[in-house]
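# Could you look at this predicted model? Sequence included:
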Amino acid sequence: MPYKFNRREFGKVSGLGLAATASVLPGLGRAQTGKPFNRILKSIKFGMFGEKISTVEKFKVLKEIGYDGVELNSPGGVNKDEALSASRETGFPIHGVVDSIHWGVRLSSPDEATRAKGLQGLKTALRDTSKVGGSAVLLVPGAVRDAENENHQQVWDRSIQQIHLAIPMAARLGIHILIENVWNGFLYDPKGDDKQSADLLAKYIDEINSPWVGSYFDIGNHQRFGKPAEWIRTLGKRIVKLDVKDWGKSNSFCKIGDGDVDWPDVRKALDEIEFTGWSTAEVGGGNRMRIKEIHDRMNKHLLGKG
C-alpha cells in the first residue's frame with residue numbers, strides 16, 4: 001500500500017531543500033524578531049549567462065548582481081566538479097538542476113527503451129543535484145502527441161510509472177522531483193480558453209502520492225490558459241519552486257513585467273500560501289547587463305520592490 005501523506009507533511013519535507021541554503025543565507029526564514037517570514041530567493045538558469053568567462057567568474061558576477069543562487073542542467077551541461085568548486089569558492093549555492101533530456105527522451109514515450117533511457121536521465125539528474133548540493137530536479141514528465149500514440153491518459157500512466165521508479169533514489173538522496181507546467185498538451189487543454197484551472201496538475205501530483213514529488217510552478221507558462229495567481233492558490237503547498245517569466249496576448253513570451261501576468265495578484269497568492277523558496281528566471285539571457293536587468297525585473301514584479 002503506498003504511503004499516504006497530507007499537504008502539511010509535504011510542506012515539511014519541502015522545507016528540507018532549503019537547509020543547505022540557510023547555511024549560506026543565515027537570515028532565511030526568520031526576521032530579527034525571531035518570527036518566521038516569507039522569503040523568495042532569486043536565481044537564473046546558468047545557461048542564460050552568455051559571457052565567455054569561467055564558471056567561477058560567472059558565479060562571482062551573479063552574486064555581485066544580487067542573485068541568491070543558480071540552477072544547472074543535467075545530464076550534461078557545465079562540469080559538475082567545476083561548478084561545485086566554484087560554488088564553494090564563492091559561497092554561491094547551486095539550488096538544483098533541470099532534467100536536460102526530458103523533452104527528447106520522454107518518460108511518456110510509447111517506446112519502452114526510450115522510457116528506460118528517460119528514467120536513467122532523471123536518475124543522473126538526481127545524482128548530479130545531490131553532488132552539487134541542490135535540492136530538486138525540474139522535470140517535464142511527458143508530452144501529449146497523438147501522432148506518436150501519446151494521448152493524455154497514456155502520458156499520465158506512463159510518466160507516473162517511471163517517476164515511481166525514481167522516487168526511492170530521490171528519497172535516499174533527499175532530492176525533490178518537481179513537475180513543471182509547460183506547453184506540452186498535458187494537464188490542460190491546448191485548444192481551450194484562458195479560464196482553465198490547475199485542478200488536473202494538482203490531481204496528477206496527488207496521484208503520484210510522494211512527499212518527494214511536487215510542483216515547479218512556472219508563473220508565465222500558463223498565462224495563456226488561465227490565471228497564474230489562481231493556479232498558485234490551487235496548488236498551494238505542492239509548489240516547491242518557481243520559474244519566472246511573462247506572457248502576453250500581444251507579445252507572447254516577453255520580458256518579466258511586459259506581458260499580461262497580474263504580478264500584484266501573484267505576489268498576493270504567494271503570500272497566501274506562505275511560499276518560501278527558490279524562484280528562477282527562465283527568459284532570454286545575454287551579458288551581465290541583461291542578467292542585471294532580469295534581476296531588477298524580478299525584484300520589481302515578483303517581489304514588489306522598487
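Arrived safely.
# What is the neighbour count of the spatially closest residue to Ser279 that is not a sequence neighbour?
With sequence-adjacent residues excluded and distances taken as CB to CB, 6 or more residues apart in numbering, Ser279 is closest to Leu242, at 4.1 Å. For glycine as for every other residue, the C-beta is placed from the backbone atoms N, C-alpha and C. Counted by other CB atoms under 10 Å, the residues lying close to Leu242 total 25.
# Check which helix or strand the spatially most central residue of the chain maps to.
Central residue of the chain (CA atoms, centre = their mean): Tyr216, 3.6 Å from the mean position. Per DSSP states H and E: Tyr216 is located in strand 213-218.
# repeat for Ile177
Using DSSP H and E, Ile177 falls in strand 176-180.
# Need the contact partners of that strand.
The contact list for strand 176-180, computed with CB atoms under 8 Å, 6 or more residues apart in numbering, reads 14, 17, 122, 126, 135-141, 163, 166-167, 170, 201, 204-205, 212-218, 221, 240-241, 243.
# For stretch 69-89, which residues meet the burial criterion?
69-75, 77-78, 80, 83-84, 86-87 (16 or more other CB atoms under 10 Å).
# got the end-to-end distance for that stretch?
Stretch 69-89 has its terminal residues 13 Å apart, counting by CA to CA, to the nearest Å.
# One more: stretch 226-240?
Across stretch 226-240, the terminal residues are separated by 20 Å (CA to CA).
# got a list of contacts for that stretch?
7-8, 10-11, 14, 17, 136, 176, 178, 181, 188, 194-199, 201-202, 205-206, 214-217, 219-220, 222, 261-262, 265-266, 268-270, 272-273, 275, 277.
# Same question for stretch 110-124.
So stretch 110-124 is contacted by 74-75, 99-102, 105-109, 137, 139, 148-150, 154, 158, 162-163, 165-166, 169, 177 (CB under 8 Å, 6+ apart).
# Return the members of those residues classed as buried.
Using 16+ other CB under 10 Å, the buried ones in the contacts of stretch 110-124 are 74-75, 99-102, 105-109, 137, 139, 150, 154, 158, 162-163, 166, 169, 177.
# Which strands and helices lie in contact with the host helix or strand of Ala202?
Taking DSSP H and E as the criterion, the element that holds Ala202 is helix 199-208. Packing contacts for helix 199-208, counted by 3 or more CB pairs under 8 Å, 6 or more residues apart in numbering; DSSP states H and E, involve helix 152-173, strand 176-180, strand 213-218, helix 228-235.
# Off-centre distance for the last one?
Between the centre of helix 228-235 and the centre of its host chain there is 15 Å, according to CA atoms, centre = their mean, to the nearest Å.
# ok, now the longest one?
Here helix 152-173 is found 17 Å from its chain centre; the criterion is CA atoms, centre = their mean.
# Around Lys292, how many other residues sit close by?
Lys292 sits with 16 neighbouring residues when counted by other CB under 10 Å.
# now do Thr280
By other CB under 10 Å, 27 other residues sit near Thr280.
# same deal with His301?
His301: 23 neighbours (other CB under 10 Å).
# In a helix, it, correct?
Yes: under DSSP: H, G, I helix; E, B strand; the rest coil, His301 falls within a helix.
# just to revisit the earlier point, pull up the pairing partners for the strand holding Ile177, direction included.
Using DSSP bridges, the strands paired with strand 176-180 in its sheet are strand 136-139 (parallel), strand 213-218 (parallel).
# Could you export the shortest one as CSV, CA atoms only?
Output for strand 136-139, consisting of C-alpha atoms alone and laid out as CSV, is shown next (Å, rounded to 0.1, in the frame of the first residue of the first chain):
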residue,chain,number,x,y,z
ALA,A,136,15.5,19.4,-6.7
VAL,A,137,15.3,18.3,-10.3
LEU,A,138,12.9,20.1,-12.6
LEU,A,139,11.0,17.6,-14.8
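# How about residues contacting it?
With CB under 8 Å, 6+ apart, strand 136-139 has contacts from 17, 71, 74, 95-99, 102, 107, 122, 125-126, 129, 163, 170, 175-180, 216, 240-241, 243.
# as a whole number, average confidence for stretch 200-210?
Average pLDDT, stretch 200-210: 98.
# Which residue ranges of the stretch 51-200 of the chain form helices?
For the stretch 51-200 of the chain, helices defined by DSSP state H, counting those that start in this stretch occupy the ranges 55-65, 80-90, 112-132, 152-173, 199-208.
# Just tell me which of those ends up closest to Met298.
Of all the helices of the stretch 51-200 of the chain, helix 55-65 sits nearest to Met298, with 10.7 Å by CB to CB.
# what about that closest one, distance to the chain center?
The answer for helix 55-65 is 21 Å, by CA atoms, centre = their mean.
# With that, I have no additional questions.
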